[in-house]
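# Here is a sequence together with a model predicted from it:
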Amino acid sequence: MLEIVNEVQLTISKDNDNPFLRGPFQSNAREYTADTDSLKVIGEIPRDLEGMFVRNHHNQIHEPLGNYHPFDGDGMLHAMRFEDGRAEYRNRFVRTTGFYAEQGAGRSLWPGLLSPDLAERRGWGAMGAMKDNAGTDVKCHAGKLIASMSQGSEPWRLDPFTLETLGVEKNWARKVPEGVASHYKVDPFTGEMMFFNYPENPPYMNYGVVDKNNQLVHYEPIELPGSRWPHDLGITQNYTVLHDLPLYFDPVLLRQGQHKLVFNRDQPARFGVLPRRGSNAQVRWFEAAPCYVLHITNCFEDGDEVVMDGCIMPDYKTVPVNASTNLYGRIRANLDKHNNPTLMHRWRFNLRTGQTTEQRIDDEITEFPVCSNDYVGRPYRYSYNVLYKKGDWLFSGLKRYDMKTGKTARYEYGEGRYGSEPQVARALGAKAEDDGYVISMVADMNTDSSEIMVLRADDIQAGPVARILLPERMGIGTHACWVESDRLQGENRQTELN
Ligand SMILES: [Fe+2]
């Protein structure tokens, strides 16, 4: 049965010509529950695929205050639950305090990323101005989903089965007044979740650990030289890797309340390696070539070294040379990774010598790299990244890296079809790392539809084995997670690595 469980009133003006509110980015008003009998499936849903794929996206409801950025809208989760060859779909807003306040007011009450000076009330994020939109990241920890906003918001908990918003995390959110930035990592063996935030005031970063029983067991100020704009963190079995990168708001202008991102291309990148429950004094900072890093695939230990793989931006351009003078054109140009290449890269931090070594893995532009949950923090072999459509903030396909052999494989969605961050869903009883599936959510502008696409993880170039069409075309989004069926209940898996 296909059920529309709620519909919000969209108040975005028809005259609003912001391209990030139109086309692939058009907002959705309806929340659905659709069981397997009501979903059209092309191909066959594998019977050894069991668990839930969840993807977040920024879905703007109201005419924005100031200029809208595609990272401003309310969080909306889309979940496809797989079991025994069947699938069930749900989408729900993350019902944050800000969501309810704006539903009550019938209009936007907070500005977005580009207009913090329009803030009329206390907000969230590193700038303290934005609505706690919880539309960036989503993971499963301690048996519940947790969603947050890139710049740091309250940690919102959701029921993984129903996507009902349960509220702000009750056990420890009040102990973390600076909020939780996106890209917390969950250790698949211990169930611990490592997170960070990056306020504009000293110490400029805080780092925390929440254990598998959902207790905050560690919260440590990390002293940085100034306000920073980090985006990700890495974990290994014993260590956490923090980012202090030379892209941040001009400190002089910041003191005057202005936010202008500057890439200081003569300043080294620094990566801080500390024991999982280490102190600020225990952080060992490793210098590396100046760069910015949005997302990493994974970190792991290799003898004396901590290895970090991810996508490097070696020469971040805050105002790309071919940028349009039009504001939306500039936003698009800034987001277009063909202007700001992001390339697979490996850093090695030697704990014995204190030296960093670096290796470029690929010259093709990719981002949003992921590996299987089961290998987070451990030696792994396969990274699945997205390919970018040139000139836009749209993902045109997938690329798989075999980090052992250097072999790659790819699958492109086709003209007018755009995906999101993929996730790796290992098959039930999988022995090999890539015995399973890669899942992405794809919007098709040609047919005005969206689908959840399932590909073999060891053969992505063969194309999808199953395509499950959604009730309507859904907005483009980025981050996602895969929740194994046993992890849904907060259990730690008896993970076997091969
Ligand atoms: Fe991100």
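Done, it's in.
# C-alpha only now, for contacts and for neighbours.
Noted.
# Just name the shakiest helix or strand of the protein by mean pLDDT.
One helix or strand of the chain scores below all others by mean pLDDT, DSSP states H and E: helix 327-335, with a mean of 84.
# what's the next secondary structure element after that helix?
Downstream of helix 327-335, the first helix or strand assigned by DSSP states H and E is strand 343-350.
# Need the contact partners of that following strand.
Strand 343-350 is contacted by residues 286, 304-313, 355-367 when judged by CA atoms under 8 Å, 6 or more residues apart in numbering.
# Could you do stretch 74-83 as well?
So stretch 74-83 is contacted by 47-61, 87-94, 99, 133-136, 163, 452 (CA under 8 Å, 6+ apart).
# Give me the subset of those residues that lies in strands.
Under the assignment DSSP state E, the contacts of stretch 74-83 contribute 51-59, 87-93, 452 to strands.
# dump the residue contacts of the residue nearest to residue 8 when sequence neighbours are not counted.
If the residues on either side of it in the chain are set aside, residue 8 comes closest to residue 29, at 5.1 Å by CA to CA, 6 or more residues apart in numbering. For residue 29, the contact set (CA under 8 Å, 6+ apart) comprises 7, 8, 9, 10, 61.
# any idea which of the residues you listed is closest to residue 279?
Of all these, residue 279 sits closest to residue 61, with 41.7 Å by CA to CA.
# Could I get the contacting residues of the residue nearest to residue 221 when sequence neighbours are not counted?
Spatial nearest neighbour of residue 221, excluding adjacent residues (CA to CA, 6+ apart): residue 206 at 4.4 Å. By CA under 8 Å, 6+ apart, the contact set of residue 206 is 196, 197, 198, 219, 220, 221, 222.
# Wasn't residue 206 part of a strand?
Yes - checked against DSSP: H, G, I helix; E, B strand; the rest coil, residue 206 lies within a strand.
# Do you have the strands of the stretch 251-400 of the chain handy? List them.
For the stretch 251-400 of the chain, strands defined by DSSP state E, counting those that start in this stretch occupy the ranges 261-263, 269-275, 284-288, 292-302, 305-313, 343-350, 356-370, 382-388, 395-402.
# Generate a PyMOL selection restricted to the buried subset of the contacts of stretch 74-83.
Selecting only the buried entries of those in PyMOL, with 16 or more other CA atoms under 10 Å as the criterion:
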select buried, resi 48+49+50+51+52+53+54+55+56+57+58+59+60+61+87+88+89+90+91+92+93+94+99+133+134+135+136+163+452
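# Next one: the residue lying farthest from the centre of the chain from residue 286, what distance?
Distance from the centre of the chain peaks at residue 353, with 32.9 Å (CA atoms, centre = their mean). For residue 353, the distance to residue 286 equals 10 Å [CA to CA, to the nearest Å].
# Residue 268 too?
9 Å.
# higher neighbour count, the two?
Comparing residue 268 with residue 286 by other CA atoms under 10 Å, the one with more neighbours is residue 286, at 22 against 16.
# show me the contacts for that one.
Taking CA under 8 Å, 6+ apart as the test, what residue 286 contacts is 270, 271, 272, 273, 349, 354, 355, 356.
# isn't residue 208 right up against residue 195?
Yes - counting by CA atoms under 8 Å, residue 208 does reach residue 195; the two are 5.3 Å apart.
# Looking at the two now, which is surrounded by more residues?
Under the criterion of other CA under 10 Å, the comparison of residue 208 against residue 195 puts residue 195 first, with 25 against 22.
# per-residue confidence averaged over the helix or strand residue 465 falls within?
Using DSSP H and E, residue 465 sits in strand 464-469. In this model, strand 464-469 carries a mean pLDDT of 98.
# That'll do, ta.
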